[in-house]
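Asks: attaching a predicted model along with its sequence, questions to come.
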Amino acid sequence: MSELINNAEKRRELLKHLILQLHKGEAPEQVKTQLKRVLGQVPYNEVMVVEKELIEEGLPLTEVLKLCDIHSAVLKGDIDQSGAKTAPAGHPVDTFLRENRAIEWELSALERSYEVIRKSSDAPAVTQAVAEIRVNLHKLSDIDKHYRRKENLVFPFLEQHGITGPPTVMWGKHDQIRELLRTAIETFEHATELSVDEARTLVELVFKPAADGIADMIFKEEQILFPMCLDTLTEQEWWQVYSQSLEIGFCLYDPKDEWQPSGVEVTAGEGVSAAGRIQLPSGSMTPTELNAILNTIPFDLTFVDKDDTVRYFTQGRERIFDRNRAILGRQVQLCHPPQSVHIVQRILEDFKSGRETRAPFWINLKGKFIHIEYFALRDKQGNYLGTLEVSQDLTEKRALSGEQRLLSYAKDEKEPVR
């Protein structure tokens, strides 16, 4: 019969009718049987459209949220993805999918521990399984970043395209999963020693619901949400999702591939976020944090830009060579004595030409062993950005012997500039 239902509007009406049967108390198994008989496979893009229309027609969001998992159970195995697009490597959806594989690995580990607890009467084996569950649940708490990227980066664009109800329902499910995970993790803080029976009870009442909620969310994402998002969001919008993802972070997976959208003018994954954090490819920090980091590292840095102009130097605890802010903006050749300018000039020319990338020196200065090294800085395309001078007093480190394995705080004679 399903081949006769080839009209999208008619098909959505029938799907809507079947979902409403669930809300009237019809057994999910019966509704699933009817769905298979009447509709066969349901196109992924029609599921959220139907959910959106039901909400717009007055079905309370709380009611949809309550039966959301039953909707999924009925639709599992019956969603047609034949027209779904695929995301290239590094695309935000590709990253979400790879995170899901890492999440599933943790869920599989949890399931193995559950089986041990269900079948074993050996107390040490159960204790070990409970300990492993604790580790896996803590790892899964990382899922908050996966959900926050959806909520704060993807959902706003869906809403701009007029898709409001389904993201709201999904956000509600995220919160339920967060609460289940939080409860499961907190349970360990109050359960020092569990009997076999207590462990079995916790698996069924606390741990497994959290894991089942996460697994069900993966189904919703991959079968419905992500295919629909790939149809809806523009390349420019995906680029904004991509470029802002780093600020929230990733879940159990570190993206390796860079994504370049087609037809969109892109800038490097660097800049300042709306919250004032300096965004870099491997993280972010405020200007205050960055200044503290640069002034805390145990060596001096001086940066000369591609035009040979001194642009920056650190103000750490113990400068090796005098620096003051009067040198900022000066040509580096003018900051050295005449007898050494030719060496500075040669280093700069070799770095600019690409012939060399590093130039180390080490000297004895007033009883100290000083290591000085110049590094050529280049962008991803290999273009010369400038030169970094790194100077370090290695006198104390060269004198080290044996090991320092016990905690022993070091005292600084001088505080760095704040």
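Replies: Perfect, I can see it now.
Asks: which of the helices or strands spans I372?
Replies: Using DSSP states H and E, I372 falls within strand 368-378.
Asks: note down every partner strand of the following helix or strand past that strand and its orientation.
Replies: As assigned by DSSP H and E, the chain's next helix or strand after strand 368-378 is strand 384-393. According to DSSP bridges, strand 384-393 has the following sheet partners: strand 300-305 (antiparallel), strand 368-378 (antiparallel).
Asks: that older thread, just how off-centre is the strand holding I372 within its chain?
Replies: With CA atoms, centre = their mean, to the nearest Å as the basis, strand 368-378 stands 34 Å off its chain's centre.
Asks: and what of stretch 209-222?
Replies: With CA atoms, centre = their mean as the basis, stretch 209-222 stands 18 Å off its chain's centre.
Asks: ok, and what's touching that stretch?
Replies: With contact meaning CB atoms under 8 Å, 6 or more residues apart in numbering, stretch 209-222 is reached by 69, 72, 76, 96-97, 100, 103-104, 107, 110-111, 137, 140, 143, 150, 170, 173-174, 176-177, 180-181, 183-184. Glycine gets a C-beta too; all of them are placed from N, C-alpha and C.
Asks: those residues, buried ones only, as a PyMOL selection?
Replies: In PyMOL syntax, the buried subset of the contacts of stretch 209-222 is picked out as below (16 or more other CB atoms under 10 Å):
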select buried, resi 69+72+96+97+100+103+107+110+137+140+143+150+170+173+174+176+177+180+181+184
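Asks: which of the contacts of stretch 209-222 fall within helices?
Replies: 69, 72, 96-97, 100, 103-104, 107, 110-111, 137, 140, 143, 170, 173-174, 176-177, 180-181, 183-184 (DSSP state H).
Asks: mind telling me what element the closest residue to W105 other than its chain neighbours is part of?
Replies: Of all residues not flanking W105 in the chain, L252 sits nearest, at 8.0 Å (CB to CB, 6 or more residues apart in numbering). Assigned by DSSP H and E, L252 falls within no helix or strand.
Asks: which SSE is L290 in?
Replies: If you go by DSSP H and E, L290 is part of helix 287-294.
Asks: centre of the chain to that helix, how far?
Replies: The answer for helix 287-294 is 23 Å, by CA atoms, centre = their mean.
Asks: for stretch 47-61, same thing?
Replies: 31 Å.
Asks: so what touches the host helix or strand of S243?
Replies: Using DSSP H and E, S243 sits within helix 235-248. For helix 235-248, the surrounding residues in contact (CB under 8 Å, 6+ apart) are 90-92, 95, 145, 148-149, 152-154, 157, 233, 259, 261-264, 266-267, 269, 273, 275, 277, 279-284.
Asks: buried residues, that helix. List them.
Replies: For helix 235-248, burial by neighbour count (16+ other CB under 10 Å) applies to E237, W238, W239, Q240, V241, Y242, S243, Q244, S245, L246, E247, I248.
Asks: I'd like to know how far the residue most central in space within the chain sits from L181.
Replies: Residue closest to the average C-alpha location in the chain (CA atoms, centre = their mean): F250, at 1.3 Å. Distance of F250 to L181, computed by CB to CB, to the nearest Å: 18 Å.
Asks: can you check I248 too?
Replies: According to CB to CB, I248 stands 17 Å off from L181.
Asks: now the helices for the stretch 201-350 of the chain?
Replies: 208-220, 226-232, 235-248, 287-294, 338-353 (DSSP state H, counting those that start in this stretch).
Asks: okay, the angle between the longest one and strand 384-393?
Replies: Going by axes from the mean of the first three to the mean of the last three CA atoms, to 10 degrees, helix 338-353 is angled at 130 degrees with respect to strand 384-393.
Asks: sort out for me which of the contacts of helix 235-248 are in strands.
Replies: Here DSSP state E is the test, and the contacts of helix 235-248 give Q279, L280, G283, S284 as lying in strands.
Asks: and the first one, how many residues sit next to it?
Replies: It stands for Q279. 18 (other CB atoms under 10 Å).
Asks: for F157, which non-adjacent residue is spatially closest?
Replies: E237 (4.7 Å).
Asks: check T168 too.
Replies: L61 (6.0 Å).
Asks: got a pLDDT number for that neighbour?
Replies: Looking at L61, its pLDDT is 72.
Asks: that one contacts G172, correct?
Replies: Yes - with contact defined as CB atoms under 8 Å, L61 reaches G172; the gap is 7.3 Å.
Asks: for stretch 400-408, give the mean pLDDT please.
Replies: In this model, stretch 400-408 has a mean pLDDT of 90.
Asks: what do you get for stretch 277-288?
Replies: Stretch 277-288 comes out at a mean pLDDT of 84.
Asks: now stretch 237-252
Replies: Taken as a whole, stretch 237-252 has a mean pLDDT of 90.
Asks: start to end distance for stretch 200-210?
Replies: One end of stretch 200-210 sits 15 Å from the other (CA to CA, to the nearest Å).
Asks: and what of stretch 248-259?
Replies: Taking CA to CA, stretch 248-259 runs 18 Å from one end to the other.
Asks: residues of it that come out buried?
Replies: So, applying 16+ other CB under 10 Å, buried residues of stretch 248-259: I248, F250, C251, L252, Y253, P255, W259.
Asks: from these, which is closest to P337?
Replies: Using CB to CB, P255 is the member of the buried residues of stretch 248-259 that lies nearest P337, at 48.0 Å.
Asks: isn't the closest one right next to R98, touching?
Replies: Yes - taking CB under 8 Å as the definition, P255 is a contact partner of R98 at 7.4 Å.
Asks: flag the shaky bits of the stretch 151-300 of the chain, pLDDT-wise.
Replies: Along the stretch 151-300 of the chain, the model assigns pLDDT under 70 to residues 191-192, 265-271, 274.
Asks: for P166, which non-adjacent residue is closest in space?
Replies: Closest residue to P166 apart from its sequence neighbours, by CB to CB, 6+ apart: M48 at 4.5 Å.
Asks: so which strand or helix has that neighbour?
Replies: helix 44-56.
Asks: now that helix: buried residues?
Replies: Going by neighbour count (16+ other CB under 10 Å), the buried part of helix 44-56 is Y44, N45, E46, V47, M48, V49, V50, E51, K52, L54, I55.
Asks: that helix vs helix 208-220, what angle?
Replies: Per the same axes, to 10 degrees, the angle that helix 44-56 makes with helix 208-220 is 110 degrees.
Asks: which element follows helix 44-56 toward the C-terminus?
Replies: Next along from helix 44-56, by DSSP H and E: helix 61-66.
Asks: keeping just the C-alphas, turn that next one into CSV.
Replies: Extracted in CSV, the C-alpha atoms of helix 61-66 (Å, rounded to 0.1, in the frame of the first residue of the first chain):
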residue,chain,number,x,y,z
LEU,A,61,5.9,20.9,23.7
THR,A,62,5.9,19.1,27.0
GLU,A,63,3.7,16.4,25.4
VAL,A,64,6.0,16.0,22.4
LEU,A,65,9.0,15.9,24.8
LYS,A,66,7.4,13.3,26.9
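Asks: thanks again, I'm all set now.
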